[in-house]
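Participant: My questions are about this predicted structure, shown below with the sequence.
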Amino acid sequence: MKKLLLPIIFVLFLSSCSLPQKDDGKVTTDFYAMDTPMILTAYGNTASIAIKEIKSEILELDKKFNRKSEDSELYKFNINGRVKVSDDLIDIVSKSKEISDATDGAFDITVSSIMDLWGFYDQNYTVPDDKDIQEKLKKVGYKHITIDGDLLTAITMLDLGGIAKGYASDKAMEILQKTGVSSAILSLGGNILAYGKRSDGSNWSVGIEDPIQTDKVIATLDISDKFVVTSGTYQRFFTENGVLYHHIIDPKTGYPADNNLTSVSVISDSGTVADGLSTGLFVMGLDKAREFLKAHPQIDAVFIDNDNTLYYTPSLDGILKTDANKVPLF
Amino acid sequence: MKNKVFIIIFATVLAITGTVSLYIMHRHTPQSIVLVKSDNKIIRRIDLAAVTSPYEFDVKSDYGYNTVYVSHNSIKIIDADCPDKICISHGELKSNYSPIVCLPHKLTIIYDDGNTDIDVIAN
Amino acid sequence: MNSKKLVFMAILLSLSLVIYIIEAQIPPLVPIPGFKIGLSNSITLFALATLKKRDALIILVLRIITASVFSGGMSAFLYSISGGMLCFIVEALIINLFTEKQLWIVSIFGAISHNIGQVLVAVLITKTPYIAWYIVPLTAISVITGLFIGILTTMLLLHSNGILKKSVKDINT
């Protein structure tokens, strides 16, 4: 009889025990802001404070930077063209100008008037007349923006859609540091901040969307304390007469950047830089972007072309994992 | 004597596991993100809440195929060439206590528990 | 190995194979991955009760290998062999503690361990720990199927006693 007790206990144990429940102080929230879903997750004692603060910061920035909302600071600026504005708006515009300078105008927050022509503003997609594009192009250019103290001046309207989420993620990072959160993973509409490490001490794994099958992941990045931002043609586009027109407009031509790329992901220590450069490097194309990345070794990037081949900066060796074809950039 | 002891033991085991399984098999804890894993790799990550119009896709492996049907907040297998078709009779995914499994094809469908290889997707 | 024994083992092997294949044609009673009534386990139990353990093991292993050739392939073989082996080990360890009328007890233990073994391999193969939850309903069902198989085997033994007792004595010497 006694011999049998052990197996019986074993069976009872196996059948009634539960899988270990995780209790690591995880706090998650999701909400809609900046025209896109936000998913914030943080771990630790101060996680709920940090998440609350980040959420209100994002909503606050959204109020200032949303050019669609009549109450926003940016909306008022776009009407007047010369206004005293908040520190945040000065800060984000001057950072945008820096990125424009660095990318030789490939990233430009004044391109919005042309985006509107194509209908990317109100989803009323159309291929505009070339004449209209050339007309609007005259006023496009980050050099037309001047900052004098808190006085902002421009001859054309500004759109911060290509940089506001990145800027907000930098603010989120500051809050995480201030509140002493140990680890967090934030997705601001696909702009990722992987802060600290997973509870098991390993790096966060950030997936890069497959541009062809967008519910699949084509590659992953094992990172910690980094921002990742992807710009892809698949995010917003329309087709007319069999031709695909996507939302990444080259500020020099006024037309969608046409260079065989489908997606560019930038990995950086700054969310603002990652956000701006994901557009900038896309517009530059593979060859110009290669020279840029050689000159800026602190920035990493992954490019995906029409054939789903991945081109990556060599320092991502061992960090970038994929089953797809991959080629180092240099 | 021995018989009686074992009748009691097995009756207890049956009562406990039976009750627990009725409880967990009927648990419905829907989540938004599901992972489709084939042969040990996550091949798809789907946000069920974001699905507006239903669609289906095939998961093909060396072992055979399964046709997965996805609609708003629901995922199930509707066709497969495995011998027992347990994955089809399982119906839609209800909770991670009863994941959709096709053992012969090494296919599983579970809710993302945040514990998988990919934490977040940049897009 | 004498020829009588060889024939006897061959009969048991082909019986268990036929039972296995027939069972595979029956649609599963409960839609739980890994679930099997385990009819062919009655032959394993029968072999354990009549033959040496080593010989019973040979029949079981040969049955699993041949069955996977007929239906299933490599992954089916892995599930079968892991469940089958765990079941066999448990049954072989405890069978001597019980009489032939108490085989249902041995059989229930065997059925439970069979399903645990199979589910654990499924967890390893698919790397999906949640599958382990299926051990709970499978254990509940195993009590019933195990009981059924055990009684079946006892009936098999009692009915074939007259014919078997004599020849089995020959076989095992």
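Facilitator: Everything's here; your move. Residues are numbered from 1 along each chain as shown, chains lettered A, B, ... in the order given.
Participant: the strands in the stretch 101-250 of chain A, which residues?
Facilitator: In chain order, the stretch 101-250 of chain A shows strands spanning A:146-148, A:151-153, A:183-188, A:191-195, A:204-209, A:217-223, A:226-232, A:237-240, A:243-246, with DSSP state E, counting those that start in this stretch as the criterion.
Participant: typo on my end, chain B
Facilitator: Counting by DSSP state E, one finds strands in chain B at the ranges B:33-38, B:41-47, B:55-61, B:64-71, B:74-80, B:100-102, B:107-111, B:120-122.
Participant: need the least confident one among these, by mean pLDDT.
Facilitator: If the strands of chain B are sorted by mean pLDDT, strand B:41-47 sits at the bottom with a mean of 74.
Participant: Which positions in that strand come out as buried?
Facilitator: Neighbour-count burial for strand B:41-47 flags B:42-46 (criterion: 16 or more other Cβ atoms under 10 Å in any protein chain shown). No exception for glycine: its C-beta is placed from N, CA and C like everyone else's.
Participant: Tell me the one among the residues you listed nearest to residue C:117.
Facilitator: residue B:42 (26.5 Å; Cβ to Cβ).
Participant: in the sheet, who's paired with the closest one?
Facilitator: Here residue B:42 sits in beta bridges with residue B:37, going by DSSP bridges.
Participant: From what I see, it and residue B:35 are in contact.
Facilitator: Yes: under the criterion of Cβ atoms under 8 Å, residue B:42 is in contact with residue B:35, at a separation of 5.2 Å.
Participant: so where's chain C uncertain?
Facilitator: Judged against pLDDT under 70, the low-scoring parts of chain C cover residues C:1, C:71-75, C:161-173.
Participant: Spell out which parts of it neighbour chain A.
Facilitator: In this structure, chain C approaches chain A at residues C:90, C:94, C:97, C:109, C:112-113, C:116, C:129-130, C:132-133, C:135-136, C:139, judged by Cβ under 8 Å from any Cβ of the partner chain.
Participant: Going through those, which ones are buried?
Facilitator: Among the residues of chain C next to chain A, those classed as buried by neighbour count (16+ other Cβ under 10 Å) are C:90, C:94, C:109, C:112-113, C:116, C:129-130, C:132-133, C:135-136, C:139.
Participant: Widest-spaced pair of those residues?
Facilitator: Using Cβ to Cβ, these span at most 30.9 Å, a distance reached by C:94 and C:130.
Participant: Helix, strand or coil: sort out residue A:27 for me.
Facilitator: In terms of secondary structure, residue A:27 is strand; the call rests on DSSP: H, G, I helix; E, B strand; the rest coil.
Participant: Hmm, it is touching residue A:45, no?
Facilitator: No: with contact taken as Cβ under 8 Å, residue A:27 and residue A:45 are classed as non-touching, separated by 10.2 Å.
Participant: The two: which is more packed in?
Facilitator: Neighbours around residue A:27 and residue A:45, counted as other Cβ atoms under 10 Å in any protein chain shown, are more numerous at residue A:27. The numbers are 18 against 11.
Participant: Apart from its neighbours in sequence, what residue is nearest the more buried one?
Facilitator: The spatially closest residue to residue A:27, leaving aside those adjacent along the chain, is residue A:47, at 4.0 Å (Cβ to Cβ, 6 or more residues apart in numbering or on different chains).
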